[in-house]
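# I'd like to go over a predicted model; first the sequence, then the structure.
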Amino acid sequence: MKTTLSTSDITHALKSDENAAWSWNGAKALAEYLEQLEEDTGEEMELDVCAIRCDFSEYSSLEDWSADYGMEDDSLDDAHEERADNIRSFIQDNGQLIEFDGGVIVSSF
């Protein structure tokens, strides 16, 4: 027996996980990402908020992610947008990046 969840259902399930610190916008962006992944692969997924919490982390910006992972700013001359593009490319080359209004979600890698 299966229950089909809406984006709102998934968002609320993620947000109600007391061991995660998803923002509402982050939880919704992650829910939409998971729905799109399911559609793209053609495989139904089981919602496992614990596994999702372990596989993804939310940050307020690309810069916050880079600070947590020790990605040093090699050149103070880099424009902010160029630096953001470099961080974005690094994450996309090594994992998943979900950008949304208010932050980013990055997969563990």
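Perfect, I can see it now.

# I98 belongs to a helix?
No - counting by DSSP: H, G, I helix; E, B strand; the rest coil, I98 is not part of a helix but strand.

# Pull out the buried positions in the helix or strand of the chain with the lowest mean pLDDT.
Within the chain, judged by mean pLDDT, DSSP states H and E, the helix or strand with the poorest mean is helix 80-94; its value is a mean of 91. Within helix 80-94, the residues that count as buried by 16 or more other Cβ atoms under 10 Å are 83, 86-87, 90-91. C-beta here means a position set from N, CA and C on the backbone, and glycine is covered the same way.

# now stretch 26-34
Buried residues in stretch 26-34 (16+ other Cβ under 10 Å): 26-31, 33-34.

# which among those residues gets closest to S66?
Proximity of the buried residues of stretch 26-34 to S66, judged by Cβ to Cβ, is greatest for G26, which lies at 17.7 Å.

# Need phi/psi at that closest one.
Main-chain dihedrals, G26, degrees, to the nearest 10: phi -70, psi -40.

# Ignoring the adjacent residues along the chain, who's closest to it?
E58 (4.4 Å; Cβ to Cβ, 6 or more residues apart in numbering).

# How about the one you found: which residues does it bridge to?
I105 (DSSP bridges).

# Could you verify my assumption that it touches S23?
Yes - because the distance of 6.5 Å satisfies Cβ atoms under 8 Å, E58 is recorded as touching S23.

# shared neighbours of the two, which are they?
Taking Cβ atoms under 8 Å, 6 or more residues apart in numbering as the criterion, E58 and S23 both touch G103.

# out of those two, which sits in the busier spot?
E58 (22 against 16; other Cβ atoms under 10 Å).

# Now do stretch 16-32, average pLDDT.
For stretch 16-32, mean pLDDT rounds to 97.

# Helix, strand or coil: sort out N19 for me.
Per three-state DSSP, N19 ends up coil.

# That one: what's it in contact with?
So N19 contacts 50, 53 (Cβ under 8 Å, 6+ apart).
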